[in-house]
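# Pasting the sequence and the predicted coordinates here, then a few questions.
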2 protein chains.
Amino acid sequence: MRQQIEASPCLQPNHGLRSSPIAGVVLTGGDVDAIAGLLTLRERQAFTIYATARIQDVLDANPIFEVLARDVVQRRRVTIGTSFQLTFPDGKPSGLSLELIAVPGKVPLYLEQTAASPPIVESEDTVGAMVSDGQRRLFFIPGCAGMTGALAQRLQGADVVLFDGTLWTDDEMLRAGIGSKTGLRMGHMSISGANGTIAAFQRIDVRRKVLLHINNSNPILLDDSPERAAVEAAGWEVAYDGMEIRL
Amino acid sequence: MRQQIEASPCLQPNHGLRSSPIAGVVLTGGDVDAIAGLLTLRERQAFTIYATARIQDVLDANPIFEVLARDVVQRRRVTIGTSFQLTFPDGKPSGLSLELIAVPGKVPLYLEQTAASPPIVESEDTVGAMVSDGQRRLFFIPGCAGMTGALAQRLQGADVVLFDGTLWTDDEMLRAGIGSKTGLRMGHMSISGANGTIAAFQRIDVRRKVLLHINNSNPILLDDSPERAAVEAAGWEVAYDGMEIRL
C-alpha cells in the first residue's frame, strides 16, 4: 500500500487493547494501491483520512469504505496548496503540518471511461504530499507524470523526497511482453532518459532522495543490476519493505 | 481473504508471463474479508467471479471493482440451490460443479443501516458453497449464524466441510474488552456450547471437518489451549495459512 502514514510515540501499538499507532492517513490518489489498504484498518479505530475533495468523493462513491465508520473515522477534504496542522483524533496537535501539492497525473485506472489515454493534467486525482515539522520538509510523490518548473522549485532544498520509481524506461512493460501500456500512459515518468527522474533531479538540491512505488519489471529492484548501480551513483536510494525514515 | 479459490493443473503459475492459476472466485458474502482480495487479482487476468445476484450488485455498486475489467473478468450471477458446471475462462469444462447453499446470516457490516442488530435470515447476502467432482463433495461455509435442519441434511455424508470458526463463545469479545458485539450479532454461531458447532456436528456424519475464519480472540488458535484440545478431540482440524486440501 502506498499511503503515507503518520505515527506518533503518543500512540504506541501497546496503548490499550487493539489500539493502533496510526492517527491519520494521507491519500495522494484514488488508485487501488493508494486506497485499498484502508480496508485493512477497520474497524472502529479512530483516525483521520486526509485527501482532496475529488478523492474523498471516490471513497464516498464506494460503499465498501463505510466499513470505516463515520462516527469513528474522520474524512477531511484538503485543498491543494494549503498547509495546515495535523492533529490526533482527540484534537491534540501533532506538531506536523501537511500540504498537498500539484503534480502531473491522471484519473484512477478503474475510473477511466475509455481505452484511450486519459489526459495528463494537474488535478485533484493525483497529488503529492509535503509534511513538515516547521524545520524540515519531506515530500511523498508516488505518482508523477513529469517534472514541472513549479514542482522542481517546491522540491528545492527538501530534506527527503520519496518519488515515483515505477519504471526504468517508458516502454519496459511492452518490451517484456507483460503489459500494453507505457509508463506515461499509466501516469508515471521514468527513471532513465533525458526527460527522466535522474536527469530532472540533477537540477534540484535535495538532501535525501528515495525511489518507491517500483514496478516488478523495473531492474533497479535487483541489487546487482547496472540500473541499481546507476540510481545509487546518482544519489538515489531504493525503498524496501519496512524502511524507516527519521528526519 | 476468505474466498474459495479453484485452481487447476491446466493453469499453472508458470503458464506464460504473469499468468495466474486462478480460474474462478466464488464469493459467499459481501463483507470486506470476502471481497477485498479481488482487488489484488487485478489487472487483465481472465477469471470468473461467481456470486449471488445480491453480492454481484454489491460489487457493481462499488466502482473500485471496475479495476477487474469487464472485458476480461466475467461476473456470473448464481441462483442459490442450483448446481452447474464450473468452466475455465476459455470455456473448457473444469470437471467440477458448484452449488450455492442457503445458510443463516446477515448483510455485510458496511451495509448495515443502523446500529441495531440486523435480522439473521437465509438470504443472498451470506451463503455456503458446495463443490463436487461428481463423486466427492466439499462445503465452504465461512459464515453461519446457526445450524438448521435443512443445512444439517445437506452436510450429511460430506467429504470435507470448511466451517465458520469465528468465536469459541458468543460473548468472548465483550468479556475481553475488545469489542461490543456478540458472535450472533456478527452473524456467527460459536464453536462451544449446547447450540454450538461441535454439538451440532455430533449429529452429522462428515469425513473431514475444518474450522476456518477464526477470530484472533478465539483460544483454539493457541496450539496448547484446552479449547484446541477440545475441538481436536471432537474430530475438527484448525485451518492455517497455506493449508492444502486434496479430495
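Great, that's in hand.
# now the most centrally placed residue in chain A: how far from chain B?
The residue lying closest to the centre of chain A (CA atoms, centre = their mean) is residue A:142, at 3.7 Å. Separation of residue A:142 from chain B (CB to the nearest CB, to the nearest Å): 17 Å. (C-beta placed from N, C-alpha, C; glycine too.)
# can you count the residues close to the residue found closest to that residue once you drop the neighbours it is linked to in the chain?
Take residue A:142 and drop its neighbours on the chain: the residue closest to it by CB to CB, 6 or more residues apart in numbering or on different chains is residue A:213, 4.1 Å away. Around residue A:213 there are 19 other residues, counting by other CB atoms under 10 Å in any protein chain shown.
# what does residue A:181 give?
Residues contacting residue A:181 under the criterion other CB under 10 Å number 16.
# Now do the contacts for it.
Going by CB atoms under 8 Å, 6 or more residues apart in numbering or on different chains, residue A:181 touches A:173, A:174.
# And the one 10 residues further on, by the same measure?
Contacts of residue A:191 were listed using CB under 8 Å, 6+ apart, and they are A:165, A:167, A:168, A:197, A:198, A:211, A:218, A:220, A:227, A:231.
# end to end, how far does stretch A:34-51 reach?
For stretch A:34-51, the first-to-last residue distance is 11 Å (CA to CA, to the nearest Å).
# Extract the residue ranges of chain A that are flagged as low pLDDT.
Within chain A, the segments meeting pLDDT under 70 span A:1-17.
# now the strands for it?
Applying DSSP state E to chain A gives strands spanning A:4-7, A:22-26, A:47-51, A:73-77, A:84-87, A:93-105, A:121-132, A:137-141, A:160-164, A:208-212, A:236-238.
# and the ones you listed as TSV, adding mean neighbour count?
Shown next, in TSV, are the strands of chain A (neighbours: other CB atoms under 10 Å in any protein chain shown):
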stretch	mean neighbour count
strand A:4-7	17
strand A:22-26	22
strand A:47-51	23
strand A:73-77	16
strand A:84-87	15
strand A:93-105	20
strand A:121-132	21
strand A:137-141	22
strand A:160-164	24
strand A:208-212	19
strand A:236-238	19
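# Of those, which is nearest residue B:52?
Checking these against residue B:52 by CB to CB gives strand A:73-77 as the closest, at 29.0 Å.
# The closest one pairs with which strands, and in what direction?
Strand pairing for strand A:73-77, determined by DSSP bridges: strand A:47-51 (parallel).
# before we move on, back to that, between the contacts of residue A:191, which is closest to chain B?
Comparing the contacts of residue A:191 against chain B with CB to the nearest CB places residue A:218 closest, at 14.7 Å.
# Please enumerate the helices of chain A.
Per DSSP state H, chain A carries helices over the ranges A:32-35, A:53-60, A:149-155, A:172-176, A:197-201, A:226-233.
# Please identify the buried residues of the last one?
By that I understand helix A:226-233. Buried residues in helix A:226-233, counted by 16 or more other CB atoms under 10 Å in any protein chain shown: A:227, A:228, A:230, A:231.
# Same question for the second one.
Applying a neighbour-count criterion of 16+ other CB under 10 Å, the buried positions in helix A:53-60 are A:54, A:55, A:56, A:58, A:59.
# Tabulate the CA atom coordinates of it in CSV.
What follows is helix A:53-60, C-alpha atoms only, in CSV (Å, rounded to 0.1, in the frame of the first residue of the first chain):
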residue,chain,number,x,y,z
ALA,A,53,-12.4,16.6,-2.4
ARG,A,54,-12.1,14.6,-5.6
ILE,A,55,-10.6,11.5,-3.8
GLN,A,56,-13.0,11.8,-0.9
ASP,A,57,-15.8,11.7,-3.5
VAL,A,58,-14.2,8.5,-4.8
LEU,A,59,-14.3,7.0,-1.3
ASP,A,60,-17.9,8.2,-0.8
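# From the buried residues of helix A:53-60, list the ones also adjacent to chain B.
Among these, proximity to chain B is found for residue A:58 (CB under 8 Å from any CB of the partner chain).
# Quickly name whichever of the buried residues of helix A:53-60 is closest to residue A:138.
For those, the nearest to residue A:138 is residue A:55 (20.2 Å; CB to CB).
# Contacts only, for residue A:106.
Applying CB under 8 Å, 6+ apart to residue A:106 gives the contacts A:112, A:118, A:119, A:120, A:121, A:125, A:126, A:145, A:186, A:187.
# Distance of it relative to residue A:217?
19 Å (CB to CB, to the nearest Å).
# Residue A:34 now?
Residue A:34 is 20 Å from residue A:217, where distance means CB to CB.
# Same question for residue A:182.
Distance, residue A:182 to residue A:217, by CB to CB: 12 Å.
# Mutual contacts of the two, please.
In contact with both residue A:182 and residue A:217: residue A:173, using CB under 8 Å, 6+ apart.
# So chain A: which segments form each domain?
For chain A, automatic domain parsing gives the domain ranges A:1-95, A:136-240.
# can you list the ones you listed in TSV and add distance to residue B:39?
Output for these, formatted as TSV (distance: least, CB to CB, whole Å):
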stretch	distance to residue B:39
domain A:1-95	5
domain A:136-240	17
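# Out of the ones you listed, flag the one nearest residue B:240.
Among the domains of chain A, domain A:1-95 comes nearest to residue B:240, with 20.0 Å by CB to CB.
# residues in contact with residue A:151?
Contact analysis of residue A:151 by CB under 8 Å, 6+ apart lists A:101, A:102, A:103, A:128, A:144.
# who's in contact with the closest residue to the first one other than its chain neighbours?
Nearest-residue entry for residue A:101: residue A:128, 4.5 Å, with adjacent residues in sequence omitted and distances by CB to CB, 6+ apart. By CB under 8 Å, 6+ apart, the contact list for residue A:128 reads A:28, A:100, A:101, A:102, A:103, A:139, A:140, A:141, A:144, A:151.
# about what we covered before: a markdown table for the buried residues of helix A:226-233, including distance to residue A:161?
Shown next, in a markdown table, are those (distance: CB to CB, whole Å):
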| residue | distance to residue A:161 |
| --- | --- |
| A:227 | 19 |
| A:228 | 19 |
| A:230 | 18 |
| A:231 | 13 |
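# neighbours of residue A:200, just the number please.
The tally of other residues near residue A:200 (other CB under 10 Å) stands at 20.
# Show me what from chain A comes close to chain B.
Residues of chain A lying near chain B (CB under 8 Å from any CB): A:17-18, A:32, A:35-36, A:39-40, A:42-43, A:58, A:61-67, A:109-111, A:176-178.
# Give me the buried subset of these.
The neighbour-count test (16+ other CB under 10 Å) applied to the residues of chain A next to chain B identifies A:32, A:35-36, A:39, A:42, A:58, A:62, A:64-67, A:109-111 as buried.
# quick check, nearest of these to residue A:242?
residue A:36 (19.7 Å).
# The closest one contacts residue B:67, doesn't it?
No. Proximity of residue A:36 to residue B:67 does not meet the contact threshold set by CB atoms under 8 Å, at 9.3 Å.
# Next, show the common contact partners of these two.
residue B:39.
# Just the buried residues of stretch A:152-169, please?
Quick answer for stretch A:152-169 (16+ other CB under 10 Å): A:154-155, A:158-169.
# Which two among those are spaced furthest apart?
A:159 and A:169 (29.3 Å).
# about what we covered before: which one of residue A:34 and residue A:217 is surrounded by more residues?
Taking neighbours as other CB under 10 Å, residue A:34 and residue A:217 compare with residue A:34 leading, 25 against 18.
# wait, doesn't that one sit right on residue A:142?
Yes. Counting by CB under 8 Å, residue A:34 does reach residue A:142; the two are 7.5 Å apart.
# which ones are touching residue A:81?
By CB under 8 Å, 6+ apart, the contact set of residue A:81 is A:99, A:100, A:101, A:102.
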